[in-house]
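Peer 1: predicted coordinates and the sequence they were generated for:
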Number of protein chains: 2
Amino acid sequence: MTTRWLTPEEQRAWRAYIGAALLMEDALDRQLQQEAGMPHMYYSILSVLSEAPERRLRMTDLAEGLKITRSRLTYAVTRLEKDGLVRREHCRWDKRGSIAALTDEGMTMLERAAPGHVETVRTLLFDRLTPEQVRQMEGIFSKVAEGFEGDAAQAAPDDVPWRRRSAKPCS
Amino acid sequence: MTTRWLTPEEQRAWRAYIGAALLMEDALDRQLQQEAGMPHMYYSILSVLSEAPERRLRMTDLAEGLKITRSRLTYAVTRLEKDGLVRREHCRWDKRGSIAALTDEGMTMLERAAPGHVETVRTLLFDRLTPEQVRQMEGIFSKVAEGFEGDAAQAAPDDVPWRRRSAKPCS
DNA sequence: TAGGTTTGTTTCAAACTTGAACCAAGCCCG
DNA sequence: CGGGCTTGGTTCAAGTTTGAAACAAACCTA
């Protein structure tokens, strides 16, 4: 089949997106590097952990939530652990497992950095958009995200995430 | 002033965006790594060069067009040059200047990789969106991009880009 | 025109990402 | 039970990105 090239409208949308996405990520990284000494992804790790029950998550779950590879997460958590913001714990129900737990220090750092981060996101993005556009944005990207569903495992609903896998306790 | 946190709608939009953007970039990188042996950004470099007059551009202009740092570009072009896809030339009008030129081999590689790349962009993004959403997307991200205008220099209109700077020829 | 500033690019070390390979521990089934 | 397959994580080398520093040429300006 002959290639279906992008229409002019698609091309404009694609280019605007690629450019703006790059600029935003860079700006976010710089801002957080300044105020928290870590890139955006590392901040996100703390953020996701802070919302998890008991502020702890299995590595794999954390990686899935963040949409990054386990290997990337391992590296990041090692660094955050060195900084004292995250602690690794052994999983009692699955001896293979490793749990990342947000420390109090990590929580403090997160709370300290959050306002500046949110402010940046606002300045770069939401302050420039109408409420209508915010809704459109969600529509667009949740649709896109759907396309990736099934690429990764899905959660078993009724269990705490950091003990979800390997359902049987040891004892 | 007390922090203006994100509203629930904004949060949903932001999370959908962050997740989908990550997944798309990863998928794009993998696809191009497979088919062209280079990450998305490197493909973009070739692509931008291919559309420039005489398929050549000053490093700084190229970096600006791609919204990346000069340092990042230097590294990338060095690699692409090793692969024979790009050639560096001296700028005759400004001895400081360096010009990146797309080689025939580079053009061939680009043409070979383009269909697969476009197909991926379609599958991941445009096939999932309505024409209306494509328009919305452009609206949203050109608005965001506007916010960054002036962060970088702008072009002087009426001259060829690869000789734009340092207006006076040497001779 | 000398001296100081700006501009264009590269260099360097440190940090980060990638993907394949590896090591355990759990799981499955004869 | 005893392999063999799958899963959870880490490790390692190679590749990439970052940001600051270094250079060199061009551009003032007194």
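Peer 2: Received, thanks.
Peer 1: for the residue positioned nearest the centre of chain A, give me its contacts.
Peer 2: Note on chain A: the residue nearest the mean C-alpha position is A:L66, at 3.4 Å, using C-alpha atoms, centre = their mean. Going by C-beta atoms under 8 Å, 6 or more residues apart in numbering or on different chains, A:L66 touches A:41, A:44-45, A:48, A:73, B:22. Quick note: C-beta positions are derived from backbone N, CA and C, even for glycine.
Peer 1: make JSON lines out of these and add secondary structure.
Peer 2: Listed next are the contacts of A:L66 as JSON lines, based on DSSP: H, G, I helix; E, B strand; the rest coil:
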{"residue": "A:M41", "secondary structure": "helix"}
{"residue": "A:S44", "secondary structure": "helix"}
{"residue": "A:I45", "secondary structure": "helix"}
{"residue": "A:V48", "secondary structure": "helix"}
{"residue": "A:L73", "secondary structure": "helix"}
{"residue": "B:L22", "secondary structure": "helix"}
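Peer 1: which of those has the most neighbours?
Peer 2: Comparing the contacts of A:L66 on neighbour count, A:I45 comes out first with 28 neighbours (neighbours: other C-beta atoms under 10 Å in any protein chain shown).
Peer 1: dump the residue contacts of it.
Peer 2: Going by C-beta under 8 Å, 6+ apart, A:I45 touches A:62, A:66, A:73, A:76-77, A:80, A:86, A:100.
Peer 1: as a markdown table, those residues with pLDDT and secondary structure would be great.
Peer 2: Shown next, in a markdown table, are the contacts of A:I45 (pLDDT from 0 to 100; DSSP: H, G, I helix; E, B strand; the rest coil):
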| residue | pLDDT | secondary structure |
| --- | --- | --- |
| A:L62 | 98 | helix |
| A:L66 | 98 | helix |
| A:L73 | 98 | helix |
| A:A76 | 98 | helix |
| A:V77 | 98 | helix |
| A:L80 | 98 | helix |
| A:V86 | 98 | strand |
| A:A100 | 98 | strand |
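Peer 1: out of the residues you listed, which is most surrounded?
Peer 2: Counting neighbours by other C-beta under 10 Å, the top entry in the contacts of A:I45 is A:A100, with 29 neighbours.
Peer 1: quick check: that residue touching A:A76?
Peer 2: No. With contact defined as C-beta atoms under 8 Å, A:A100 does not reach A:A76; the gap is 9.5 Å.
Peer 1: where's the residue nearest to the centre of chain A relative to DNA strand D, distance?
Peer 2: Distance of A:L66 to DNA strand D, computed by C-beta to the nearest atom of the strand, to the nearest Å: 13 Å.
Peer 1: that older thread, the contacts of A:I45: which ones sit near DNA strand C?
Peer 2: Contacts with DNA strand C are made by A:A76 out of the contacts of A:I45, judged by C-beta under 7 Å from any atom of the strand.
Peer 1: just name the closest of the contacts of A:I45 to B:L125, please.
Peer 2: A:L66 (20.9 Å; C-beta to C-beta).
Peer 1: how much space separates that closest one from B:F126?
Peer 2: 26 Å (C-beta to C-beta, to the nearest Å).
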